[in-house]
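Asks: just a sequence and a predicted model for now, questions to come.
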Amino acid sequence: MSDIIFVRDHIEPALPPPSRASGVFLWAKRNLFSSVTSTLVTILAVVFLFWIIPPLYGFLIGNAVFTDPEGLRGQACRFEGVGACWIMIKGRWNFILYGFFPSSEIWRINLMFVIAIILLIPMLVPRMPFTRTAALLFFLAFPVVAFILMAGGVFGLTPVPSSQWGGLTLTLIISVIGITVSMPLGILLALGRQSKLPIIKAFCVGFIEVWRAVPLITVLFMASVMFPLFMPQGVNPDTLLRAIIGICLFESAYMAEVVRGGLQAMPRGQYEAADALGLSKFKSLGLVILPQALKHVIPGIVNTFIALFKDTSLVTIIGLFDLLNTVRAVARDVNWSSPTGDVTGYIFAGFVFWIFCFGMSRYSIYMEKRLHTGHKR
């Protein structure tokens, strides 16, 4: 009997790996159940989620009030077992966004935001045209245009005092001005602290240490009460301007220390290379040292910006109606008050702050990756 030999005339397709060696099972084994400790932590985390998610869902969505067809306002949220009163946020939306700004003039704020977004896009998105033009317009022309739109009094615009500015608009105004002013001030203070001139160095060190030694809430109180005493007789800047000046000086001290860390991290060879090229002191700093130093401390800079944005909520203690204060005022309005009104307002305000802070954080990560030049360990 002859042997029968079978020769395969085609290649069989490759079989997928076992399910336990790839995909979800492998990821879970490596990240969630890699050891006894990791397994216990995973189990506790799952138990915690099962414990916290159902009541959160019930408060925020399941038992929440989203509509008010009968026009009951706060009464619609005063029943037992009612969750978040989202109709309160919807009903006072304009007040939360714009404060006491006249309803007929809200278009001015919207126009200001549109102009700001148009100018920021070329500055924040790489390889966009007209980047330098947009930067010049944003830092030189836009502040004047924004002030005219907000304050009015010219070109037929109705005057609106700063006491009527409020809501998310006021929070963004204080944050943008604080970020824009504290950054260059911080760089100058950091450079001055490393100066070889004793007077300049002593002034910068004293300025940084004094402003970092007091809390921001004290700075705001001092700016509101003491600042007018240093002004000439008859000059009384409004409360908003005092708060902005205090926040800018306070944050510039923290920014100076962040920038100083980047300057001290620069290798001595970079300074020697700039000197070997025959660059002057200013060109060496502007073209060689500062670009690299600022790149190294992007996380610290953005962290300071995030802290500044959150600290703007402290202006409520001097009577300014920022986002947090407007939400609190809405929750305590007689027409909209309810047992869950305060919690709903704070959750909404916290979510808004989280959106902006998370956006800044993600953009900083993007900039770090984009400016990465191979020195990362």
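Replies: In hand now; what should we look at? These figures come from a predicted structure and were not determined experimentally.

Asks: so what's the residue count around Met360?
Replies: 15 (other Cβ atoms under 10 Å). Where C-beta positions appear, they are placed from N, C-alpha and C, glycine not excepted.

Asks: which pLDDT does the model give it?
Replies: With respect to pLDDT, Met360 scores 93.

Asks: isn't it up against Ala307?
Replies: No: using Cβ atoms under 8 Å, Met360 is not in contact with Ala307; the gap is 10.6 Å.

Asks: domain map for the chain?
Replies: Following automatic domain parsing, the chain resolves into domains at 105-159, 161-340.

Asks: span of the last one from start to end?
Replies: From the first residue to the last, domain 161-340 extends over 33 Å; the measure is Cα to Cα, to the nearest Å.

Asks: do the same with the shortest one
Replies: Domain 105-159 has an end-to-end distance of 10 Å (criterion: Cα to Cα).

Asks: so which residues of the stretch 101-250 of the chain form helices?
Replies: Counting by DSSP state H, counting those that start in this stretch, one finds helices in the stretch 101-250 of the chain at the ranges 106-124, 131-136, 142-151, 167-193, 198-212, 216-225, 239-264.

Asks: of those helices, which approaches Pro161 most closely?
Replies: helix 142-151 (7.8 Å; Cβ to Cβ).

Asks: on contacts alone, who are the packing partners of the closest one?
Replies: If contacts are counted by 3 or more Cβ pairs under 8 Å, 6 or more residues apart in numbering; DSSP states H and E, helix 142-151 sits against helix 106-124.

Asks: any idea how far the helix it packs on is from the middle of the chain?
Replies: Helix 106-124 has its average C-alpha position 17 Å from the chain's average C-alpha position, going by Cα atoms, centre = their mean, to the nearest Å.

Asks: now the angle between helix 142-151 and it, please.
Replies: Angle of helix 106-124 versus helix 142-151, following axes from the mean of the first three to the mean of the last three Cα atoms, to 10 degrees, is 160 degrees.

Asks: now do stretch 202-216, average pLDDT.
Replies: 92.

Asks: of all the residues in it, which ones are buried?
Replies: By 16 or more other Cβ atoms under 10 Å, the buried positions in stretch 202-216 come out as 204, 207-208, 211, 216.

Asks: likewise stretch 268-281?
Replies: In stretch 268-281, counting by 16+ other Cβ under 10 Å, buried: 274, 279.

Asks: neighbours around Phe305, how many?
Replies: As a burial measure, Phe305 scores 22 neighbours (other Cβ under 10 Å).

Asks: list the contacts for it?
Replies: 179, 360 (Cβ atoms under 8 Å, 6 or more residues apart in numbering).

Asks: can you tell me the helix or strand for it?
Replies: Using DSSP states H and E, Phe305 sits in helix 298-311.

Asks: name the residues of that helix that are buried.
Replies: By neighbour count on 16+ other Cβ under 10 Å, the buried set for helix 298-311 is 298, 300-306, 308-309, 311.

Asks: export the residues you listed to JSON lines and tack on distance to Tyr57?
Replies: Shown next, in JSON lines, are those (distance: Cβ to Cβ, whole Å):
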{"residue": "Ile298", "distance to Tyr57": "37"}
{"residue": "Gly300", "distance to Tyr57": "37"}
{"residue": "Ile301", "distance to Tyr57": "38"}
{"residue": "Val302", "distance to Tyr57": "32"}
{"residue": "Asn303", "distance to Tyr57": "32"}
{"residue": "Thr304", "distance to Tyr57": "36"}
{"residue": "Phe305", "distance to Tyr57": "33"}
{"residue": "Ile306", "distance to Tyr57": "29"}
{"residue": "Leu308", "distance to Tyr57": "34"}
{"residue": "Phe309", "distance to Tyr57": "29"}
{"residue": "Asp311", "distance to Tyr57": "32"}
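
Asks: among those, which one lies nearest to Phe138?
Replies: Closest approach to Phe138 among the buried residues of helix 298-311 (Cβ to Cβ): Phe305, at 16.2 Å.

Asks: for Gly186, see how far away that closest one is.
Replies: 11 Å (Cβ to Cβ, to the nearest Å).

Asks: also Leu15?
Replies: From Leu15 to Gly186 the distance is 60 Å (Cβ to Cβ).

Asks: which one of those two is surrounded by more residues?
Replies: Under the neighbour definition other Cβ under 10 Å, Leu15 and Gly186 were set side by side, and Gly186 has more, 23 against 6.

Asks: what residue ranges in the chain score low on pLDDT?
Replies: Applying pLDDT under 70 to the chain flags residues 1-6, 17-23, 234-235, 373-377.

Asks: again, only using 80
Replies: 1-10, 12, 15-27, 29-30, 226-237, 371-377 (pLDDT under 80).

Asks: which strands or helices does the longest helix seen in it pack on?
Replies: When the chain is parsed with DSSP state H, its longest helix is helix 341-370. In terms of contacts (3+ Cβ pairs under 8 Å, 6+ apart), helix 341-370 is packed against helix 86-91, helix 298-311, helix 323-331.

Asks: buried ones in that helix?
Replies: Under the neighbour-count criterion of 16+ other Cβ under 10 Å, helix 341-370 has 341-342, 344-345, 347-349, 352-353, 356-357, 364, 367 buried.

Asks: next, the angle from that helix to helix 106-124.
Replies: Using the same axes, to 10 degrees: helix 341-370 against helix 106-124 is 30 degrees.

Asks: how distant is helix 341-370 from the center of its chain?
Replies: Centroid displacement of helix 341-370 relative to its chain, using Cα atoms, centre = their mean, is 6 Å.
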